[in-house]
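Asks: What follows is a predicted structure for the sequence shown.
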Amino acid sequence: MNETDNGWKHYRKRIKAGKCEGEMGDLIPAPNEPSAYFNVYGNELFASLRKNEKEFVPYLPFHKTLTESMMSILTDWLVELTTEYGLSNTTLHHAVRLVDEYLRLSGKKGIVMPRSDLQVCSVLSFRLSGVTCAEWGSYYSLVSSGIDRERLMVRYLTELCLLDLSTRSRPSLTTAGCVYLARRMEGREGWSGDLAHHAGYEKEELREMVMKIATIRERAEGSALKAVWQKYRVKKYGEVSLRVGVLEEDLGF
């Protein structure tokens, strides 16, 4: 039995137990034959995700007055908001994506202040769906077959990355780096053959991103923007933000 089989079995158990709220797992019917599902649809699924994420373009070049610090503060507030109202990890990632996309397009078109929700939607051409780290994290987890604590760590790391614009160019790469680091923190091999096949990234391609994410994680507690760190320090989220990290020499590169 490979990691993909284990991943699907784990999701099916969580779906039956009603523990997949806010995850893509509750939106994807688990097939009877998980390995056969991936053999038929796996490549097409990941290829589609990679194609869709290419539509995202960082907005900052179009906004001379916006700084990374400003956007990090805004994102930190969005984390607080989604936590306060019990919104899902997926909702948070898409909220940040829509803000990024709106700022990119409005800056390009010279729109300073939206007058209504309709104007925001018009600028976005009503394209409100997209691919974020939330989707990549859910699909990678099916292949990675990690325990709940590992999956929560991936979610924590991807939310931390929302605060650092240097990690937000390719959600697939960012999430792959988060999965790698989370697996190493559980004492597992960072990157498996199954993950490399479905994600399209070899281990060495993840080095820079993993190092960057490890640094972001180490600095999270001392950061002025603590919404993500505080969110994941409670038992509901496995207290994963309190865990000790991995030394650089133990990352496996």
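Replies: That came through, no problem.
Asks: top helix in this structure by residue count?
Replies: helix 89-109 (DSSP state H).
Asks: May I have that one as CSV, with CA atoms only?
Replies: Extracted in CSV, the C-alpha atoms of helix 89-109 (Å, rounded to 0.1, in the frame of the first residue of the first chain):
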residue,chain,number,x,y,z
ASN,A,89,-8.6,27.9,6.2
THR,A,90,-9.8,27.8,2.6
THR,A,91,-11.9,31.0,3.1
LEU,A,92,-8.8,32.8,4.4
HIS,A,93,-6.6,31.9,1.5
HIS,A,94,-9.2,32.9,-1.0
ALA,A,95,-9.9,36.2,0.8
VAL,A,96,-6.2,37.0,0.6
ARG,A,97,-6.1,35.9,-3.1
LEU,A,98,-9.0,38.1,-4.0
VAL,A,99,-7.5,41.1,-2.2
ASP,A,100,-4.3,40.6,-4.1
GLU,A,101,-6.1,40.2,-7.4
TYR,A,102,-8.2,43.3,-6.8
LEU,A,103,-5.2,45.4,-5.9
ARG,A,104,-3.4,44.2,-9.0
LEU,A,105,-6.2,45.0,-11.4
SER,A,106,-7.4,48.2,-9.7
GLY,A,107,-3.8,49.5,-9.6
LYS,A,108,-3.4,48.7,-13.3
LYS,A,109,-6.7,50.4,-14.2
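Asks: Show me what that helix is packed up against.
Replies: Judged by 3 or more CB pairs under 8 Å, 6 or more residues apart in numbering; DSSP states H and E, the packing partners of helix 89-109 are helix 68-84, helix 117-123, helix 133-144, helix 148-161. Using the backbone N, CA and C atoms, a C-beta is placed for each residue, glycine as well.
Asks: helices and strands around the helix or strand where residue 207 lies, which ones?
Replies: Using DSSP states H and E, residue 207 sits within helix 207-219. Applying 3+ CB pairs under 8 Å, 6+ apart, we find helix 207-219 packed against helix 148-161, helix 171-185.
Asks: rewinding a little: can you tell me which of the helices and strands packed on helix 89-109 the model trusts least?
Replies: Note on the helices and strands packed on helix 89-109: lowest mean pLDDT is at helix 117-123, with a mean of 57.
Asks: Contacts only, for the closest residue to residue 158 other than its chain neighbours.
Replies: Nearest residue to residue 158 in three dimensions, chain neighbours excluded: residue 133, at 4.0 Å (CB to CB, 6 or more residues apart in numbering). Shown in contact with residue 133 (CB atoms under 8 Å, 6 or more residues apart in numbering): 93, 158, 161-162, 171, 174-175, 178.
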